[in-house]
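Undergrad: could you look at this predicted model? Sequence included:
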Amino acid sequence: MNPIKKTITLPDGREITLETGKLAKQADGAVELRMGGTMLLATVVSAKEAGEGVDFMPLQVEYKEKFSAAGRYPGGFLKREGRASDYEILTARLVDRVLRPLFPENYHADTFVNITMFSSDGIDMPDALAGLAASAAIAVSDVPFHGPISEVRVARVDGEFVINPTFEQAERADIELMVGATYDNIMMVEGEMNEVSETELLDALKAAHEAIKAQCLVQKELAEAVGNVKREYCHEVNDEDLRKDVHDKCYDKAYAVAKAGSADKHWRMDSFAKIEEEYLETIPEEEREEKAPLVARYYHDVEKEAMRRCVLDEGIRLDGRKTTEIRPIWCETDYLPGPHGAAIFTRGETQALATCTLGTKLDEKILDDVLNQGKERFLLHYNFPPFSTGEAKPQRGVGRREIGHGNLAHRALKRMFPDNFPYTCRIVSDILESNGSSSMATVCAGTLALLDAGVKMKKPVAGIAMGLISDSESSKYAILSDILGDEDHLGDMDFKVTGTKDGITATQMDIKCDGLSYEILEKALNQAKEGRLHILNIINETIPAPREDYKPHVPRIETLVIPKEFIGAVIGPGGKIIQGIQEESGAIVTIEEEGDHGNIEVAAPNKDAIDKAMAMIKAIVAQPEEGEVYTGKVVSIMDFGAFVEFMPNRDGLLHISEIGWERYATMEETGLHEGDTVTVKLIEIDKKTGKFRLSRRALLEKPEGWVEPERPARAPRRDGDRKGGNGPRRDGDRKGGNNRNKGGNNRGGNRE
């Protein structure tokens, strides 16, 4: 064993160590990364030969976090890690998007990159280290790769950029980006912001790239120390004469289709396919099957070149638009009667149907990841059925792409979601047609659905996808607004930007070319801003403001804050009280303790149910006030008066002299019985004992000519009499007067 270790120092002095040669030595490459108490192990294994007929890079990146890394047990019956969480899938996608373009174009062997978090101190964010670990593992292997790369998270905290912030710092950031890059070029960006300017976003990218450069240099030192030689391979057999023949006979035809500028996607697809079919017909039948895969590969290059030259040389896009032009847009809200909010957003041949559902606290999503536990009240789910692109194939479970696109749209909208909103909110975007940036259509449709549901967003959000066609030899380039699917596939950049009229809220960028300057990025961002504002104007014309009120079938929610000591009284022993409130009122009541108070949420399909539940709760938590009138129930009769429960868990003494203006010798003469309902006035709260004195007489009109009788002298106190008088105490009388149980005026005392 001959381990080799290298150290990276971050701008704030924290250190990252990379070590190889100790763990997982049978993998093609393995690197252990440590930062504080966090440890990741990254491995790469690549097959020696490509599979038969494979003409692409079959790369799979997996990221996994062990629950034992944080000293926790997995949830569920099996108590072991299962399928990847959304967070793990999103982390793996971030790494994949940087690595994939940097493998040689002619390398087609099955390649697996696995990154596992084995330890975490809960301070540093491990997803920001995954790309570095993966790249270092490839760097020390013999797998061919045009790297190294690294990824960092950059956050602006209190006005300063921080590289790889802690969890606590990221919570306070107004810019939070993941950036992946080589030493020379930024390759991938994804993150969210609090309405920042284009200039501020560029500053964040520059800060991240400087840190990445240092990390790339250390990886090169590690690779040189290991001394591995990259493997030789031959995964493609080419026929240069055939390549030239395909170009000579097909290029002009493909250029003509590209120049036609048809907005009909299917016509373009059929026209391009027909050119390839006609060429195949010129090949002798006995050779056709053998040469068909090569023809497909070479013709794809022809199609790509024709489209790109048409844009660069003549400024003509595949659908005939100008570079800054956005496809026609139409929107419609209140599209479906059942959902709480629904909207259609259609831009060219891309269409999203978004629905908004408002729920109670019981509908919150419970998060139970290794390092992230909590609840989420704003959810967004994205679905991409095959029929949206005209594909004839079954619709299976949610794929990684759907999780990634949904996450981007969620990030775009969540900072504009209202603070302290009482509802749990779920947006579902179903893509009905797709030809270019369905994730951005989801952002726009999601905004419309929220407004249609009556959600008081801080500001509407729109999104747009930008593209780039560039030629390094001539230094020509064209920035394309609102790109088509083909422009994404055949172009050099896919840059998605979302935001309000005042700034950017989220972004995602994948760059497929070398040497993209900050000048070009700045132009792309400014062009994206113009497009975003154009779309926001259309959204504003469709629905200028949120609905004034929710739709009739939306559950109504009211909230109430109560002192912490009353939480137990509302819940009751074994939940008896709160269950009774729900059964009697028909409302759903939830309570959450927070600091020195409790937050109560009451939800019901109608106002009557909410009012009834709120009245019952307020009666429990209300404080008695002198001079107030209450209607209560007689709970016990004594010789000297009656005890009346005038508020839930609150008893007061209605003395025999306060029952009426008449003078009663015995309680039998008053006509009061246990269980009777009586209206009384609270005339005194004893500040020392907390006892309550009630009066019925104070609410009755004084008889005409009535004179207050003289009271007889009080008899001497005997053993067994009450302190303070109220009559002789007998066995069975209350200890302490007004309280039916120990614990003061609250029946049952202080509940846990």
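TA: All right, it came through fine. Here the structure is a predicted model, which is why all the values come from computation and not from measurement.

Undergrad: please make it C-alpha for all contacts and neighbour counts, starting now.
TA: OK.

Undergrad: so residue 27 is in which element?
TA: Assessed by DSSP states H and E, residue 27 sits outside every helix and strand.

Undergrad: what is the neighbour count of it?
TA: By other C-alpha atoms under 10 Å, 14 other residues sit near residue 27.

Undergrad: so what's it closest to, chain neighbours aside?
TA: residue 45 (5.6 Å; C-alpha to C-alpha, 6 or more residues apart in numbering).

Undergrad: touching the helix or strand hosting that neighbour from outside, list them.
TA: Secondary structure assigned from DSSP H and E places residue 45 in strand 38-46. Residues outside strand 38-46 that contact it (C-alpha atoms under 8 Å, 6 or more residues apart in numbering): 24, 27-34, 109-121, 124, 126, 129-130, 133-134, 137-138, 141, 143.

Undergrad: hey, where'd the helices end up in this structure?
TA: 86-99, 127-139, 167-171, 198-226, 240-260, 265-281, 285-314, 400-414, 438-452, 485-490, 518-542, 567-571, 576-585, 607-621 (DSSP state H).

Undergrad: highest mean neighbour count out of those helices?
TA: Ranked by average neighbour count under the criterion mean count of other C-alpha atoms under 10 Å, those are headed by helix 438-452 at a mean of 30.

Undergrad: now do it: which elements does it pack against?
TA: Packing partners of helix 438-452 (3 or more C-alpha pairs under 8 Å, 6 or more residues apart in numbering; DSSP states H and E): strand 329-333, strand 341-347, strand 350-359, helix 400-414, strand 424-433, strand 462-471, strand 493-500.

Undergrad: residue 9 bridge partners, please.
TA: residue 15 (DSSP bridges).

Undergrad: residue 218 versus that one, what's the distance?
TA: 10 Å (C-alpha to C-alpha, to the nearest Å).

Undergrad: now residue 28
TA: 20 Å.

Undergrad: list the contacts of the nearest residue to residue 343 once chain neighbours are set aside.
TA: Nearest residue to residue 343, sequence neighbours excluded (C-alpha to C-alpha, 6+ apart): residue 333, at 4.2 Å. Taking C-alpha under 8 Å, 6+ apart, we find residue 333 in contact with 341, 342, 343, 344, 448, 449, 452, 542, 543.

Undergrad: is the second one bridged to anything, and to what?
TA: Right, the one you point to is residue 342. Going by DSSP bridges, residue 342 forms beta bridges with residue 355.

Undergrad: does it touch residue 357 like I think?
TA: No - contact criterion C-alpha atoms under 8 Å: residue 342 and residue 357 do not qualify, at 9.0 Å.

Undergrad: neighbour count winner among these two?
TA: Using other C-alpha under 10 Å as the criterion, residue 342 and residue 357 rank with residue 342 on top: 29 against 20.

Undergrad: can you count the residues close to residue 685?
TA: Residue 685, neighbours per other C-alpha under 10 Å, totals 17.

Undergrad: you'd agree residue 23 is up against residue 32?
TA: Yes - Residue 23 lies in contact with residue 32 (C-alpha under 8 Å); the separation is 7.4 Å.

Undergrad: with neighbour numbers in mind, choose between those two.
TA: residue 32 (25 against 17).

Undergrad: for the more buried one, which non-adjacent residue is spatially closest?
TA: Using C-alpha to C-alpha, 6+ apart, the nearest residue to residue 32 is residue 41, at 4.6 Å.

Undergrad: would you map the strands across the stretch 551-700 of the chain?
TA: 556-563, 588-594, 597-604, 629-638, 641-647, 650-655, 677-685, 692-695 (DSSP state E, counting those that start in this stretch).

Undergrad: how much space between the closest residue to residue 639 other than its chain neighbours and residue 695?
TA: Nearest non-adjacent residue to residue 639, counting by C-alpha to C-alpha, 6+ apart: residue 667, 6.1 Å away. Residue 667 sits 15 Å away from residue 695, going by C-alpha to C-alpha.

Undergrad: who has more neighbours, these two?
TA: More crowded of residue 667 and residue 695, by other C-alpha under 10 Å: residue 695, with 23 against 18.
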